[in-house]
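K.L.:
What follows is a predicted protein model with its sequence.
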Amino acid sequence: MRLETEQIVYRDGDATLSGFLAIDAERIGKRPGVLVVHGGAGLDDHARGRARRFAEAGFVVFACDMYGEGVTGNRERIMRQIGELRSNRDALVRRVQAASEILLSRPEIDGRFAAVGYCLGGMIVLEYARSGASISAVVSVHGNMETTSPAAASSIRARILVCHGALDPHVPMSQVATFAEEMKNAGADYQLNLYGNAMHGFTHETATGQQPGVMYHAQSDARSSIAIQDLLEEVFR
């Protein structure tokens, strides 16, 4: 394996964005892609590390930028950007679509792709699925499941996997139950995995409990990684 990475600058309207491409340059032939969507901190080491893992598994991977130039590292601007993404699904979908076009433009990709989002990214990929986007699958890992616009019947085209920590205080079980009811009413093809003893952010190796309710949990990180790989093998086989 020869893993190649590249920083790619792209645009969504007036916004300048900077994403991270990862690919096994020695793999022959076309293959599916994975879009990685970062958490609240922006496109950080966690998102880039997950992108590398998916590339090592054989996918063409693009870790996108949902914030744009000058936002990451500025808490006030981050919170404002998160608020805009939460309140405006059309803007959220356009930003994901801009990243999807970068991924799908790669000559190595076979036209199929999935999206995997962590924390904020989990909310984003679920909203993308709710929009009826043409994508093979979306995976939300310790993401928020609330929405102001529940999916209409038969509107979701993607297969969905949600990986959730059972002790997550930021996404309580009442929200999980509401999400499951929404998916049932929409007729979605979905899976919901609950990981005992796991809190929010359970895949973040640097989360040591300094932020309330956010803690790395190695067992749940490993189990969710296997569940994601199983889903991708199912949809792309």
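P.N.:
That came in fine, so what should we check first?

K.L.:
Every contact and neighbour count from this point should use C-alpha atoms.
P.N.:
Noted.

K.L.:
buried stuff in the least confident helix or strand in the chain by mean pLDDT?
P.N.:
Least confident helix or strand, the chain: helix 75-87 with a mean of 93, by mean pLDDT, DSSP states H and E. Within helix 75-87, the residues scored as buried using 16 or more other Cα atoms under 10 Å are 78, 81, 85-86.

K.L.:
mind listing the strands for the chain?
P.N.:
3-12, 15-24, 31-37, 60-63, 109-118, 137-141, 159-165, 190-195 (DSSP state E).

K.L.:
and among the ones you listed, the most buried is which?
P.N.:
Sort the strands of the chain by mean neighbour count, taking mean count of other Cα atoms under 10 Å, and strand 60-63 sits at the top with a mean of 31.

K.L.:
Give me the sheet partners of that strand and which way each runs.
P.N.:
Strands adjacent to strand 60-63 in the sheet, as given by DSSP bridges, are strand 15-24 (antiparallel), strand 31-37 (parallel).

K.L.:
and the ones you listed as a markdown table, adding mean pLDDT?
P.N.:
Shown next, in a markdown table, are those (pLDDT from 0 to 100):
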| stretch | mean pLDDT |
| --- | --- |
| strand 15-24 | 97 |
| strand 31-37 | 98 |
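
K.L.:
how much space between the most centrally placed residue in the chain and Arg2?
P.N.:
By Cα atoms, centre = their mean, the chain has its centre lying nearest to Gly117, at 1.3 Å. Look at Gly117 and Arg2: by Cα to Cα, to the nearest Å, they are 25 Å apart.

K.L.:
So for Thr147, what's the nearest residue that isn't a sequence neighbour?
P.N.:
Glu127 (7.6 Å; Cα to Cα, 6 or more residues apart in numbering).

K.L.:
Give me the pLDDT value at the one you found.
P.N.:
Glu127 is assigned a predicted lDDT (pLDDT) of 98.

K.L.:
contacting residues for it?
P.N.:
Shown in contact with Glu127 (Cα atoms under 8 Å, 6 or more residues apart in numbering): 89, 93, 147.

K.L.:
ok, so of those, who is nearest Ser220?
P.N.:
Thr147 (25.2 Å; Cα to Cα).

K.L.:
Dihedrals phi and psi, that closest one?
P.N.:
Per-residue torsions, Thr147: phi -150, psi 150 (degrees, to the nearest 10).

K.L.:
possible to save the strands of the chain as JSON lines with distance to Asn74?
P.N.:
Formatted as JSON lines, those follow (distance: least, Cα to Cα, whole Å):
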{"stretch": "strand 3-12", "distance to Asn74": "20"}
{"stretch": "strand 15-24", "distance to Asn74": "16"}
{"stretch": "strand 31-37", "distance to Asn74": "19"}
{"stretch": "strand 60-63", "distance to Asn74": "20"}
{"stretch": "strand 109-118", "distance to Asn74": "20"}
{"stretch": "strand 137-141", "distance to Asn74": "24"}
{"stretch": "strand 159-165", "distance to Asn74": "28"}
{"stretch": "strand 190-195", "distance to Asn74": "32"}
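
K.L.:
State the distance from Met79 to Tyr67.
P.N.:
10 Å.

K.L.:
actually Ile228, not the one I wrote
P.N.:
25 Å.

K.L.:
Neighbour count: the two, which is higher?
P.N.:
Legend: neighbour count by other Cα atoms under 10 Å for Ile228 and Tyr67, higher for Tyr67 (24 against 19).

K.L.:
pLDDT score for the more buried one?
P.N.:
97.
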